[in-house]
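Enquirer: what's the 3D shape of this:
(2 chains)
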Amino acid sequence: MAIAFGLAGLARTGTAHAVTCADVITQNSLTHVIYGAGGSAITATLAKVAYVLSQANPPIIVFYADPGAQTGFEQFRDGKAGTAAAPFKYWLHAADVTAAAPPTCTAVDTIVGQAIDFGTTGGSLSLFGDTLPDGVGQFTGPAQGVNVIVPKDSTETSISAEALFFVYGFGNADQVSAAANPIPWTDPAYIIQRKSTSFVQQFIRGTVQTLGGTAANFPATFAGTLTAVHASDGKDSNQGTVDSVVWAASQGHAQNGIGFTSGPTADKNRASVHTLAYQHVGQNAGYWPDSTQDAFDKINIRTGQYYLWDVNLFFTKVTGSNASPKLDQIANADVRNFIGYFSGGILPPADADVNRAIVETGSIPLCAMHVQRDGDFGALSCYAPAVPCGCYFESIATKTQTCDACTSDDQCSAGAPKCHFGFCEAY
Amino acid sequence: MNYSDLIRTQRQRATLLALAVGGALGVLAACSSDGGNSAPSTPVITTGGTGGAAGSSSSSAGSSSGGSAGQGGTASHGGSSSSSSGDAGAGDTAAGGEAGESSGGSSGSGGAGPTCPTTDEGFYNQPSSSQKSPFDNTARLGAHATLPPLPG
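Expert: Predicted coordinates:
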């Protein structure tokens, strides 16, 4: 009996080498700490923002677990994040942001986990059939693309919605052998898929389902190999998809490798993979997220010409009604500021250029968008942000200044009379 | 057209428009969900170009085609702002100090400008100088271009 209790106790506290976040906080004398969980689509962006905020005065220290959008949201909802299986990541040093594996820590109870302050997903809760819990508010963050990627050495340049239906529904060469120029993505060993609870997989599935007819019931389980099989860390993640596609190339199958990942992850790995132009049903050509394969301007997401994009959503407890909540309904000031920086509703402090961090990692602040979408796959409509930042966005994303710089309106011309974020904008 | 020119052209297109200023950041999910494209909730921004040579296309390599007629932007009325604890201000990054908070007031209900596409296909196929790469479903998928039943 004593042995049984001892084993149970050991299991609940995890391995002897597990580092708890409580230890990290104590050892580094950290204050203004917040915890979150969600998908890995935003991890690259969140990592850089978290580092920037860790250096601000006062700081905000973010511990973030990214087991996938659905799982992460449910961990937030249920108060069970930071387990040994999906520990919190954190970024206190610049090197942590670029590291292949940032430092991690766990809840004290590594089996059950702990309550956290916010959840975040790449798209809406309806993607996985969930609804907003009572007392939880939803806030809109930056937009980002979903990229279909192939190894750098692949000669393929585009894919269509119909081809996604085939690749992830069949993955069988016999089915396309009669085609004049058959697609090369027919070997499930090199067709890479995320797990069904990930945002990017749910988004690709929903995209295929927009074809209607036979595709309307496109399943959650895709043809292909799970990302975790070839991921460098053995985990299912957006970066794992890149690892897997690179692995396909290493096996002499650059032409056969294909996967899908978040836009920021694809951008971070352009040296080893390239994004395919995507052609949606009813579209006369495939387009890249950017104006060219090699650009970083995200112009085709911002104008609605590239279909595969969505907005990050943030979830946290709010006071009062959670219908159309305002930021000041978030009681925790650090959580309120953190989410407000992402939504654009709160200006970051001067010593923390959060917008730059968001842009540099391939995400798109709403102030740089020209379109909005009714839900994950709904109708597009034109959108003009109250305070546009398109010029600022492009100056960071493309490292090219295409607008007049300014510090006040009187330095701008009639064609672009308003000075926002250091540049003359149209209004 | 080099890349700088390309970006400059995009910027010129975007700056053809609109005067009105909405209030706080618009809420993306502000539109109706009846399947149609709703009127823009904020002033219209267009992406139309000012003409360019028609481009060629290829199914195996990207090519760039010029945009068609230029499209002037139209200002519609902006939305109201309901800042609750400070003003987010005009967004100067050098503003410093305490960050103001904008609570995201409801977006304006501006009417659709004549240059804003009214269908999703209108957005997908709007004039663009971006590089493009057509995907030929019939050539690449054969019979699967018609979406056969999924395997059981």
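Enquirer: pLDDT weak spots in chain B?
Expert: B:1-114, B:144-145, B:151-152 (pLDDT under 70).
Enquirer: mind listing what the residue in the stretch 101-250 of chain A that chain B sits nearest to touches?
Expert: Using CB to the nearest CB, the closest approach of the stretch 101-250 of chain A to chain B is made by A:Ala179 at 3.3 Å. Yep, even glycine has a C-beta here, placed from its N, CA and C like the rest. By CB atoms under 8 Å, 6 or more residues apart in numbering or on different chains, the contact set of A:Ala179 is B:138-144.
Enquirer: Quick one: residues contacting the residue lying closest to A:Gln305 once chain neighbours are set aside.
Expert: Nearest non-adjacent residue to A:Gln305, counting by CB to CB, 6 or more residues apart in numbering or on different chains: A:Tyr287, 5.0 Å away. A:Tyr287 makes contact with A:277-279, A:300, A:305-306, B:128, B:130-133, according to CB under 8 Å, 6+ apart.
Enquirer: What subset of those is buried?
Expert: When the contacts of A:Tyr287 are checked for burial by 16 or more other CB atoms under 10 Å in any protein chain shown, the buried set is A:277-279, A:300, A:305-306, B:128, B:130-133.
Enquirer: Tell me the one among these nearest to B:Thr118.
Expert: A:Gln305 (15.6 Å; CB to CB).
Enquirer: my guess is that closest one meets B:Gly122, correct?
Expert: No. Judged on CB atoms under 8 Å, A:Gln305 makes no contact with B:Gly122 at a distance of 10.5 Å.
Enquirer: which residues does the closest residue to A:Gln114 other than its chain neighbours contact?
Expert: Using CB to CB, 6+ apart and skipping the chain neighbours, the partner closest in space to A:Gln114 is A:Ala107 (3.8 Å). A:Ala107 makes contact with A:20-21, A:81-83, A:88, A:113-114, according to CB under 8 Å, 6+ apart.
Enquirer: What's the separation between A:Ala107 and A:Thr43?
Expert: 19 Å (CB to CB, to the nearest Å).
Enquirer: all strands for the stretch 151-300 of chain A, in order.
Expert: Assigned by DSSP state E, counting those that start in this stretch, the stretch 151-300 of chain A shows strands spanning A:158-160, A:192-193, A:225-226, A:259-262, A:273-275, A:277-279, A:286-287.
Enquirer: Distance to A:Asp96 and mean pLDDT for the ones you listed - can I get that in JSON lines?
Expert: Below are these laid out as JSON lines (distance: least, CB to CB, whole Å; pLDDT from 0 to 100):
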{"stretch": "strand A:158-160", "distance to A:Asp96": "34", "mean pLDDT": "98"}
{"stretch": "strand A:192-193", "distance to A:Asp96": "27", "mean pLDDT": "96"}
{"stretch": "strand A:225-226", "distance to A:Asp96": "27", "mean pLDDT": "94"}
{"stretch": "strand A:259-262", "distance to A:Asp96": "19", "mean pLDDT": "96"}
{"stretch": "strand A:273-275", "distance to A:Asp96": "23", "mean pLDDT": "98"}
{"stretch": "strand A:277-279", "distance to A:Asp96": "33", "mean pLDDT": "98"}
{"stretch": "strand A:286-287", "distance to A:Asp96": "35", "mean pLDDT": "98"}
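Enquirer: Single out the most deeply packed of the ones you listed.
Expert: Of all the strands of the stretch 151-300 of chain A, strand A:259-262 has the most neighbours on average by mean count of other CB atoms under 10 Å in any protein chain shown, namely a mean of 32.
Enquirer: starting at the chain centroid, how far to it?
Expert: 10 Å (CA atoms, centre = their mean, to the nearest Å).
Enquirer: ok, and what's touching it?
Expert: Strand A:259-262 has contacts (CB under 8 Å, 6+ apart) with A:40-42, A:44, A:122, A:144-150, A:191-194, A:199-201, A:204, A:227, A:238-239, A:241-242, A:244-245.
Enquirer: just the buried members of those?
Expert: Buried among those by 16+ other CB under 10 Å: A:40-42, A:44, A:122, A:144-150, A:191-194, A:199-201, A:204, A:227, A:238-239, A:241-242, A:244-245.
Enquirer: and A:Asp310, what element?
Expert: Here A:Asp310, judged by DSSP states H and E, is contained in strand A:309-317.
Enquirer: Tell me which strands that strand pairs with, and in which orientation.
Expert: strand A:118-121 (antiparallel), strand A:136-151 (antiparallel) (DSSP bridges).
Enquirer: Same list, those, but as a markdown table with mean pLDDT and distance to A:Thr214 please.
Expert: Listed next are these as a markdown table, based on pLDDT from 0 to 100; distance: least, CB to CB, whole Å:
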| stretch | mean pLDDT | distance to A:Thr214 |
| --- | --- | --- |
| strand A:118-121 | 97 | 28 |
| strand A:136-151 | 97 | 21 |
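Enquirer: Using JSON lines, lay out the contacts of A:Ala179 together with distance to chain A.
Expert: Formatted as JSON lines, those follow (distance: CB to the nearest CB, whole Å):
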{"residue": "B:Thr138", "distance to chain A": "8"}
{"residue": "B:Ala139", "distance to chain A": "4"}
{"residue": "B:Arg140", "distance to chain A": "5"}
{"residue": "B:Leu141", "distance to chain A": "6"}
{"residue": "B:Gly142", "distance to chain A": "3"}
{"residue": "B:Ala143", "distance to chain A": "7"}
{"residue": "B:His144", "distance to chain A": "5"}
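Enquirer: Show me those that map onto helices.
Expert: B:138-141 (DSSP state H).
Enquirer: Pull the number of nearby residues for the nearest residue in space to A:Ile364 that is not next to it in sequence.
Expert: Distances taken as CB to CB, 6+ apart place A:Ala143 nearest to A:Ile364, at 4.4 Å, with adjacent residues excluded. Residues within reach of A:Ala143, counting by other CB atoms under 10 Å in any protein chain shown, total 23.
Enquirer: Okay then, goodbye and thanks.
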